[in-house]
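Novice: Quick one: sequence plus predicted model below, questions after.
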Amino acid sequence: MASSEYDVIRSRYHLKETIGSGGFAKVKLATHLASGEKVAVKIMDKRALGDDLPRVKTEITAMKELVHQHICTLYEVVETKHKIFMVIEYCPGGELFDYIVAKDRLKESEARKFFRQILSAVAYIHHKGYAHRDLKPENLLLDDDQNLKLIDFGLAARPKGGMEQHLDTCCGSPAYAAPELVSGKQYRGAEADIWSMGVLLYALLCGFLPFDDDHVATLYKKILKGEYEEPRWLSDGSCDLLKQMLQINPKKRISMEELLIHPWVKKGHSGTVHWNSKCEKNNLNTECIAEMAEYYGKTKDDMMTIVTQWHYDEITAVYFLLLNNFVRGCRLKLPPRS
Ligand SMILES: O=C(Nc1ccc2c(c1)CCNCC2)c1ccc(Br)cc1
């Protein structure tokens with residue numbers, strides 16, 4: 001990658017091996033030079049993106065607004081003539097998909113732990129007026145505390161008329177797509193996300209998909225029929241919850257509000273699912289600001305003013321890298337500036 005397009009990113013990050021490559025993006029592991037922290041750098045070529053360029057803009061806009069303990073944090077965006085670099089929180093545990101495959105299937109208690117975190121993230125994005133529309137184990141990553149982080153907001157929708165408004169675009173991965181979506185009808189993003197979370201929960205508990213087929217037309221028929229196997233290891237509680245989430249008729253499908261207080265979701269946990277963000281941008285962490293003020297030789301007030309401009313440049317990256325460590329209870333000390 002000799003091109004000068006990488007100069008800016010290389011001035012702040014040491015790019016390492018590729019850890020993921022999707023349709024139009026490559027994700028590299030990198031080290032933030034100032035703090036030594038690991039990050040993921042999603043690299044896209046605008047020429048290769050073509051009609052998909054708006055998806056990247058959608059993802060960047062969404063990730064700037066959706067800051068949550070179970071959503072991968074966007075640290076910085078670098079755009080050059082031909083490239084877009086998104087610097088994002090690194091999740092050393094990799095994809096939930098690989099975790100399930102490695103364990104064959106999860107015990108109910110572990111599936112519940114992960115499902116509560118998924119609910120927390122999705123309830124938060126719905127509250128902020130977004131539907132994800134591509135919920136699947138490949139888009140859920142594990143951080144180094146075995147907590148889940150949601151990624152890939154390229155298909156997210158923020159209907160102008162609010163979450164009650166119907167959507168049209170058929171998108172997402174077929175096996176996780178709701179019946180109303182695959183039948184080309186109008187659908188509500190939140191209802192389609194609930195269906196996808198039902199498929200996700202089934203995958204966690206069973207290790208395989210409720211609706212699956214090599215031919216997408218046959219897969220669609222199975223989804224529209226809504227019949228799926230209930231392996232003997234599923235508890236009655238799990239079967240009941242799955243039945244309420246995998247309702248073909250979106251009007252009969254369980255709502256997010258009902259899910260958050262559902263007995264299966266609450267079992268073994270002290271309370272309901274806390275979905276509010278612990279790291280909202282509008283209440284800055286004063287310890288991180290103090291650390292940055294010292295590092296950049298500014299007053300705390302000046303540092304506060306600079307950070308709250310949210311340019312998603314180096315300053316935003318340093319703030320979030322400090323915050324992510326603070327939220328995890330560890331202290332990140334920035335070395336004296338050279
Ligand atoms: O951290 C990420 N991926 C990742 C991290 C660690 C590992 C993987 C992916 C899988 C490859 N084996 C090593 C383990 C990551 C983070 C943000 C985005 Br967007 C896309 C990917």
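Specialist: Here it is on my side, so go on.
Novice: which ones are touching the residue lying closest to Phe97 once chain neighbours are set aside?
Specialist: Nearest non-adjacent residue to Phe97, counting by C-beta to C-beta, 6 or more residues apart in numbering: Pro137, 3.8 Å away. Any C-beta I mention is one placed from the backbone N, CA and C, and that applies to glycine too. Going by C-beta atoms under 8 Å, 6 or more residues apart in numbering, Pro137 touches Glu95, Leu96, Phe97, Tyr99, Ile100, Leu200, Ala203, Leu204.
Novice: Of those, just say which sits nearest to the ligand.
Specialist: Checking these against the ligand by C-beta to the nearest ligand atom gives Glu95 as the nearest, at 6.2 Å.
Novice: my read is Val101 is in a strand, agree?
Specialist: No - assigned with DSSP: H, G, I helix; E, B strand; the rest coil, Val101 falls outside any strand and is helix.
Novice: and it, how many neighbours does it have?
Specialist: 12 (other C-beta atoms under 10 Å).
Novice: what do you get for Arg112?
Specialist: Using other C-beta under 10 Å, Arg112 has 23 other residues around it.
Novice: Was I right to think it contacts Trp264?
Specialist: Yes - here Arg112 lies in contact with Trp264, judged by C-beta atoms under 8 Å, at a distance of 7.4 Å.
Novice: near the ligand, anything from stretch 96-104?
Specialist: No - Stretch 96-104 does not reach the ligand (C-beta under 6 Å from any ligand atom); its nearest approach is 6.8 Å.
Novice: buried ones in that stretch?
Specialist: Neighbour counts using 16 or more other C-beta atoms under 10 Å place Leu96, Tyr99, Ile100 of stretch 96-104 among the buried residues.
Novice: a markdown table for these, including pLDDT and distance to Glu191?
Specialist: Below are the buried residues of stretch 96-104 laid out as a markdown table (pLDDT from 0 to 100; distance: C-beta to C-beta, whole Å):
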| residue | pLDDT | distance to Glu191 |
| --- | --- | --- |
| Leu96 | 97 | 23 |
| Tyr99 | 98 | 27 |
| Ile100 | 97 | 25 |
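Novice: ok, of those residues, which one's closest to Leu106?
Specialist: Set against Leu106, the nearest of these by C-beta to C-beta is Ile100 (6.5 Å).
Novice: which helices and strands sit right next to the longest helix belonging to the chain?
Specialist: Identified as the longest helix of the chain according to DSSP state H is helix 108-127. Secondary-structure packing of helix 108-127 (3 or more C-beta pairs under 8 Å, 6 or more residues apart in numbering; DSSP states H and E): strand 148-150, helix 189-206, helix 256-260, helix 263-266.
Novice: Need the contact partners of that helix.
Specialist: 66, 68-71, 96, 106, 131-132, 135, 140, 147-150, 156, 163, 189-190, 193, 197, 200-201, 204-205, 235, 238, 256, 259-260, 264-265, 267-269, 273-277.
Novice: Mind checking which of the residues you listed are buried?
Specialist: Buried members of those, scored by 16+ other C-beta under 10 Å, are 66, 68-71, 96, 106, 131-132, 135, 140, 147-150, 156, 163, 189-190, 193, 197, 200-201, 204-205, 238, 256, 259-260, 264-265, 273, 275, 277.
Novice: Tell me the secondary structure at Glu180.
Specialist: Secondary structure, three-state DSSP: Glu180 is helix.
Novice: rewinding a little: including distance to the ligand and mean pLDDT, could the helices and strands packed on helix 108-127 go into a markdown table?
Specialist: A markdown table is the format used below for those (distance: least, C-beta to the nearest ligand atom, whole Å; pLDDT from 0 to 100):
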| stretch | distance to the ligand | mean pLDDT |
| --- | --- | --- |
| strand 148-150 | 8 | 98 |
| helix 189-206 | 18 | 98 |
| helix 256-260 | 24 | 97 |
| helix 263-266 | 27 | 96 |
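Novice: Turn the ones you listed into JSON lines, including distance to Asp168.
Specialist: Formatted as JSON lines, these follow (distance: least, C-beta to C-beta, whole Å):
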{"stretch": "strand 148-150", "distance to Asp168": "24"}
{"stretch": "helix 189-206", "distance to Asp168": "11"}
{"stretch": "helix 256-260", "distance to Asp168": "22"}
{"stretch": "helix 263-266", "distance to Asp168": "31"}
